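Chemist: Give me the fold of what follows.
(3 chains)
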Amino acid sequence: MAFKTRITKPAEAKAWYGELPVESLYTMGIAGEKFFRTLKDKGKIIGAHCEKCDYVYVPPKMYCERCFEKLDKMVNIGLTGTLTSFTFVYVDVDGNPLPKPEFVGLINLDGACTNLMHRLGECEMADLCIDMRVEAVLKPAKQRTGSINDIKYFKPSKKK
Amino acid sequence: MLTSKDLMGTGLSSQDFKQKKVLVEKWKANAKYGWDQGIAIGRYLRELKNGKIIGVKCHKCNRTMVPPRIFCEWCFKPIDEWVYLKDTGIVNTFSLCYVAWNMERLKEPLIPAVIEIDGASPGMGIMHLISEVDPKKVARGMKVKAVWKPENERTGAITDIKHWKPVK
Amino acid sequence: MGKRVAVVGAGMTKFVRRAQETGKELSWEAAKAALDSCGMTLDQIDCVVLGTAPDTFDGVHMKGEYLSDGAGAWGKPYMRSYVGGGTGVFAPIHGWYHLASGHFDTCLVVCEEKMSSYQPHPQGAFLTIFDHTTERPLYPNLLWIFALEMNRYMTTYGIKKEDIARVAVKNKKNALDHPAAQIPEQYTIEDILNSEVLAWPVQRLDVSPVSDGAVALVMANENVARRVTNKPVWVEGVGWALDTAYWTNRDLCYPRYVEVAARMAYKMAGITDPAHEIHVAEPYDPFDYKELHHMEGLMLCGRGEAPIITAEGKTQRDGELPICPSGGLLGVGNPIAAAGLMKVAEIFWQLRCEAGKRQIARKAKRGLAQAWGDLMQVGTVIVLGV
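Modeler: Predicted coordinates:
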């Protein structure tokens, strides 16, 4: 059955412009609160260890997603790890070119079974390769707010 | 049986946030849209700019509908014709709202209403605002007429009708 | 119809105005409580169904995927469903057909909502239900749409505000006996009528609160159900229906979509006289008038008669047809998707005589939970029986 109605003049094909007001305030959660407070106050990274599955979550979780048990045991994770993957980002979120590319990586911190996404810094493109050692560079204590940005970036590390 | 001590869940008060007892992260979405008006609403808005309300008719279901649409949602066929409707109607239901969209309190109420448009099938209404009336006198079944913006201020929007006011 | 399915366990979090837990943690708390209630573990669950309402509340895009690990879905078949407030009953219907099909033996059904993330007030997130071109330019708020429906309902049947306020008094009082309740309180009808007028005829105490919370059920087919518990609660009927989004083109005085969903559920359950064959009901009550509106749509009484039987005391816990013995959304709280599942959990506990101080006086063999949502649009109904 053919449509009996159509627009034939391009000027009549219009859009109605508007915005959806969405402003969010996120709590860190029971586990997240511990992680970010430790990062802010002590400059340390912690994870949660599931004894049943022998699995360490970083950032820590309140529960193990595999066996569903409550996770109370926090473990200290150092600031050093291995680069699992990385990329160079050339455009911003709206698709506009960045003045210079951003380096982003997935880091498997020593002792963790999970990867953490963060920025990579103090390095050139040629310095980066998968499985290289990296270490976290934190903001000075006074500037830390309890945010993932309390870690400025990860840089190449000479530590084994 | 459910008991209080079994229940998990940690409640926080607005004071807890003000006193920064918990860490938070804020984020504002960038959600801007250009919604295509479409064939039917596109025509509806163009006609509003002309100071007219237009509807559509389905012959099979014998319904005259507003806001217009390109197919009848009852029988799923394309509509058969466009029909100009009157800019008068009757109040199907209304409210006296003392709270603005941003939760601020209002002294004089806004009067949102569903107005059944004359010329459309019974019960065919649109949502709009009533004004130029004592709020205590608004009633279901009241006859109202559209109050239009002057022609040079109309842009092709539902707000080309400023509001509806009672008529005898 | 298909394999016989039962609810074997239920759990929930407290309903609070602002939870510290993330949405994932709320989901886990409810899911773990449900599993613990029937002595089951996650590896005994074959599939997971999650219900959660607009992503904008939690402020997380693809909320179903985000919540999946908290809902126990790691490595399992998983589906999210969403029909606004109707989700709370839609999710167990979803769980039902996962099992009735014979495809799975056990299903974990979880519903979660964390509305408090939305700033400055979660009410603002509802702006988007209005049409972006023909309605939003008028700067509506959610109260308008409820007030318009309440007014139409009242003027159609000549119902007074006192008759409606009676529901708020009943439910908020019933909630005093619910351990998870957010705002239980003993009020008088005068208290309700003296509360702030928000959008006449809607007043502050007519409205349920904004909430964070989660609820979960464990469902199983007959073979597993009989091994897990000696009191399985059977799913006897399910129904769901959606009316047009052209809400200004229909008469709001009667929720015909609730009737359509109810007829579907009653047909499946073999019910021909719901007013007598349903022994306890939890219709959706985000506003007090909605309980009455939905009682009529569920055909538990005639049109315009719900206020009358309420005034006669028939819907109290010791009445002939207890309605919202839990305390409903008005008393326990309204975390959008979780609220409906709270009602299903209540019927589960009532039919097993495990509702504690909320236990109704009469013997109940069949109960019903109904949820509602969207643009005065969706009806979802589940009939449970022992």
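Chemist: For C:S27, list the residues it contacts.
Modeler: Contact analysis of C:S27 by Cβ atoms under 8 Å, 6 or more residues apart in numbering or on different chains lists C:L50, C:L67, C:G70, C:A71, C:V110, C:E112, C:A214, C:A216. Quick note: C-beta positions are derived from backbone N, CA and C, even for glycine.
Chemist: Do I have it right that C:A34 meets C:A216?
Modeler: Yes - contact status for C:A34 versus C:A216: in contact at 3.8 Å, counting by Cβ atoms under 8 Å.
Chemist: The two: who's more crowded?
Modeler: For C:A34 versus C:A216, the count of surrounding residues by other Cβ atoms under 10 Å in any protein chain shown is larger for C:A216: 32 against 28.
Chemist: List the beta-bridge partners for that one.
Modeler: Per DSSP bridges, the residues bridged to C:A216 are C:G11, C:V110.
Chemist: about what we covered before: any common contacting residues for C:A34 and C:A216?
Modeler: In contact with both C:A34 and C:A216: C:A10, C:G11, C:L108, C:V110, using Cβ under 8 Å, 6+ apart.
Chemist: most surrounded residue in the residues you listed?
Modeler: For these, the largest number of neighbours (other Cβ under 10 Å) sits with C:V110, at 32 neighbours.
Chemist: In three-state terms, how would the residue nearest the centre of chain B be classified?
Modeler: Chain B has B:M127 as the residue nearest its centroid, 3.8 Å off, counting by Cα atoms, centre = their mean. Here B:M127 is strand, with the state taken from DSSP: H, G, I helix; E, B strand; the rest coil.
Chemist: Wasn't C:T134 part of a strand?
Modeler: No - using three-state DSSP, the secondary structure at C:T134 is coil, not a strand.
Chemist: Next, count neighbours for the closest residue to it other than its chain neighbours.
Modeler: Spatially, and ignoring its direct neighbours in sequence, C:T134 is nearest to B:I158 (5.0 Å; Cβ to Cβ, 6 or more residues apart in numbering or on different chains). Close neighbours of B:I158, defined as other Cβ under 10 Å, add up to 21.
Chemist: who touches B:I158 in this structure?
Modeler: For B:I158, the contact set (Cβ under 8 Å, 6+ apart) comprises B:L45, B:L48, B:H128, C:T133, C:T134, C:E135, C:P137, C:L138.
Chemist: B:L48 versus that one, what's the distance?
Modeler: Look at B:I158 and B:L48: by Cβ to Cβ, to the nearest Å, they are 7 Å apart.
Chemist: distance of C:K172 from C:G327?
Modeler: Relative to C:G327, C:K172 is positioned 7 Å away (Cβ to Cβ).
Chemist: so what's in contact with these two at the same time?
Modeler: C:P184.
Chemist: Can you tell me the closest non-neighbouring residue to the residue most central in space within chain A?
Modeler: The centroid of chain A falls nearest to A:M117 when counting by Cα atoms, centre = their mean (3.8 Å). Nearest in space to A:M117, with sequence neighbours left out and distances taken as Cβ to Cβ, 6+ apart, is A:L106 at 5.7 Å.
Chemist: my guess is the one you found meets A:G81, correct?
Modeler: No - counting by Cβ under 8 Å, A:L106 stays clear of A:G81, with 9.8 Å between them.
Chemist: more crowded one of these two?
Modeler: A:G81 (26 against 17).
Chemist: Let me know the secondary structure of the more buried one.
Modeler: Applying three-state DSSP: A:G81 is strand.
Chemist: Equivalent analysis for C:T310, please.
Modeler: State at C:T310, reduced to three classes by three-state DSSP: helix.
Chemist: which non-adjacent residue is nearest C:Q119?
Modeler: In space, C:Q119 is closest to A:E23, 4.3 Å off (Cβ to Cβ, 6+ apart).
Chemist: Hmm, C:G9 is touching C:K32, no?
Modeler: No - with contact defined as Cβ under 8 Å, C:G9 does not reach C:K32; the gap is 10.9 Å.
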